[in-house]
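>>> Kindly generate the corresponding structure for this input.
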Amino acid sequence: MTRSPDDVLAELEALRAADPPTHGGRVLSYVYDPGHPDLDRLAERAAAAFLPVNGLDPTTFTSVAVLERALVARARSLFHGDEEVVGSVTSGGTESCLLAVKAARETWRAADPSRATARAAIVLPTTAHPAFHKAAAYLDLDVVAVPVGPDGRADAARLLAALDSLGPRAALVVVSAPCYPFGALDPVEEVAAGAVRRGVACHVDACLGGWVLPWWGDLPAWDLAVPGVTSLSADLHKYGYAPKGVSVLLHRGRERHAAQYFATTAWPGYPVVNPTVLGSRAAGAMAAAWALGEVLGDEGYAALVGRARSATRRLRQVLDGLDGVRVVGDPVGPLLALAADGPGGVDPFRLVDALRGRGWLAQCQPAMRQPDGTVLPRTAHLTLTAATEDVAEELATDLVRAADEVRGAPAASGDPTLVQRVLTEGLPDELAGVMATIESLPADVVRPALVHVLQTAIDPDAPVRNDVRPGERSSHQA
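Next up is the predicted model:
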């Protein structure tokens, strides 16, 4: 049975109506809103113009080569790369990070023929993005995760000591600019200098901060201006405000860039040469990112960063005076992680639920026991954007009211029986107990359960909950 286009489009609109609002600054994670509808319309028109284009072969679709060359050149200039810096556009930060790991592994192998079948390892702070763990799992590398300080910032001496402990197996060290959980800027200069002395590649994950930090203010050097930084990733679909998914991966040296590629003639079809994990590549987000950059330029991006910085300062001012709540560390960029301040402080998980009840979507971040036994606290995570400035006063008021509402309540605790209930009944309206349970149970219990929850969400044979049917707003966005 076929349906009319109007009927199909109406259902799509109903499905979208069940999602959290992607514009208006009320979603404090996942999406990045410039707060300018004209920029959204520009991105939409640019993406639509490239919907039929396949980025698989830029020698056929030469428009893709023009756009990719321009985006790489813009990123190289922004991040202080010289003519030796080249790179590629990818589908997002995870792919950029995975390809950075692949290039490091291939370069490491090429440096010594005896390494052809050896197992390489990468060193990273515990705050590094999970994309690097995924890359290691896909590419069969070992990961050495190094504890960070209570402010969430990596310790250069400890990272370099980890490299020394690995000896010749060390292929890459990773630092963040800044890290997602706490907004901490890692000591890029010290780590990169130590990596050079040891002959190890150094990647700067600026997926989050790439289109923020250049205009944020006076900061320690963190990009390709730092000797020893061999690769850098930066997402355009975050603070570049392009639609998902588009990121840039830069390498210092064309040999490193070539190591990212996959090429084969081992079949009777066309020669396959892929710079990215994907073969066929959508070009719409790339076109949108290019168009936004052409219209905004450095001045436009600086203005958007200024709005996000203004909102961040306003909220930080309120939070610094809020009883029972503290901002973790000294975050760089528009990120705030809120922990309980003192034994009777505001439980971050309950704070997230209280904010949700007022129409704000923040994230729960479980506590983490680091390899040295120290514990990073559970936190409520807020990602702020240019659009947040328009609602900063409302958010500040609701943060105070939410904190007042849950202050004095006991911290949410884990409940092992909750796992089975979630698996059979779905997520409850309030997530504090769910997140506390995730925090308290062993990883070998939690991870399969999480996979099951996400797997069930897209299983054609799983029962559909009433609250996620088209046209009805869901309150169960974890």
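>>> Just the C-alphas of the worst-scoring helix or strand of the chain on mean pLDDT, formatted as PDB.
In the chain, no helix or strand scores lower on mean pLDDT, DSSP states H and E than helix 417-425, which sits at a mean of 79. Extracted C-alpha coordinates of helix 417-425, given in PDB (Å, rounded to 0.1, in the frame of the first residue of the first chain):
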ATOM      1  CA  THR A 417      16.600  -4.700  40.400                       C
ATOM      2  CA  LEU A 418      16.100  -1.600  38.300                       C
ATOM      3  CA  VAL A 419      18.100  -3.100  35.400                       C
ATOM      4  CA  GLN A 420      15.500  -5.700  34.700                       C
ATOM      5  CA  ARG A 421      12.700  -3.300  35.100                       C
ATOM      6  CA  VAL A 422      14.300  -0.900  32.500                       C
ATOM      7  CA  LEU A 423      14.900  -3.800  30.200                       C
ATOM      8  CA  THR A 424      11.200  -4.900  30.300                       C
ATOM      9  CA  GLU A 425       9.400  -1.600  30.900                       C
END
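>>> Can you list the helices and strands that it packs against?
helix 432-440, helix 443-457 (3 or more C-beta pairs under 8 Å, 6 or more residues apart in numbering; DSSP states H and E). Any C-beta I mention is one placed from the backbone N, CA and C, and that applies to glycine too.
>>> Any idea which of those gets closest to residue 233?
Residue 233 lies closest to helix 443-457 among these, at 24.7 Å (C-beta to C-beta).
>>> and the angle for the least confident helix or strand of the chain with helix 432-440?
120 degrees (axes from the mean of the first three to the mean of the last three C-alpha atoms, to 10 degrees).
>>> for helix 417-425, which positions count as buried?
Within helix 417-425, the residues that qualify as buried are 418-419, 422, counting by 16 or more other C-beta atoms under 10 Å.
>>> I'd like to know which of those residues is nearest to residue 15.
Residue 15 has its nearest neighbour among the buried residues of helix 417-425 in residue 422, at 23.2 Å by C-beta to C-beta.
>>> hang on, that closest one packs against residue 433?
No - assessed by C-beta atoms under 8 Å, residue 422 is found out of contact with residue 433, at 9.7 Å.
>>> show me where this protein has helices.
Using DSSP state H, the helices found in the chain span residues 5-17, 37-49, 62-78, 93-110, 131-139, 156-166, 188-198, 254-259, 284-320, 348-357, 392-406, 417-425, 432-440, 443-457.
>>> Lowest mean pLDDT across those helices, which one is that?
Within those, confidence is poorest for helix 417-425, with a mean of 79 (mean pLDDT).
>>> Name the residues that touch it?
Residues external to helix 417-425 that are found in contact with it (C-beta atoms under 8 Å, 6 or more residues apart in numbering): 428, 433-434, 437, 441, 445, 449, 452-453, 456.
>>> run the last query once more with 6 Å
Helix 417-425 is contacted from outside by 433, 437, 449, 452, using C-beta atoms under 6 Å, 6 or more residues apart in numbering.
>>> partners of the closest residue to residue 230 other than its chain neighbours in the sheet?
Excluding its sequence neighbours, the residue lying closest to residue 230 (C-beta to C-beta, 6 or more residues apart in numbering) is residue 201, at 4.4 Å. Counting by DSSP bridges, residue 201 forms beta bridges with residue 172.
>>> pLDDT at residue 201, what is it?
Taking residue 201 on its own, its pLDDT is 98.
>>> my read: it touches residue 232, true?
No - with contact defined as C-beta atoms under 6 Å, residue 201 does not reach residue 232; the gap is 11.5 Å.
>>> Of these two, give the one with the bigger neighbour count.
residue 232 (32 against 27; other C-beta atoms under 10 Å).
>>> My guess is that one contacts residue 205. True?
No - the pair residue 232 / residue 205 is not scored as a contact, 8.0 Å apart, by C-beta under 6 Å.
>>> Residue 384 and residue 83: what is the separation?
Distance of residue 384 to residue 83, computed by C-beta to C-beta, to the nearest Å: 36 Å.
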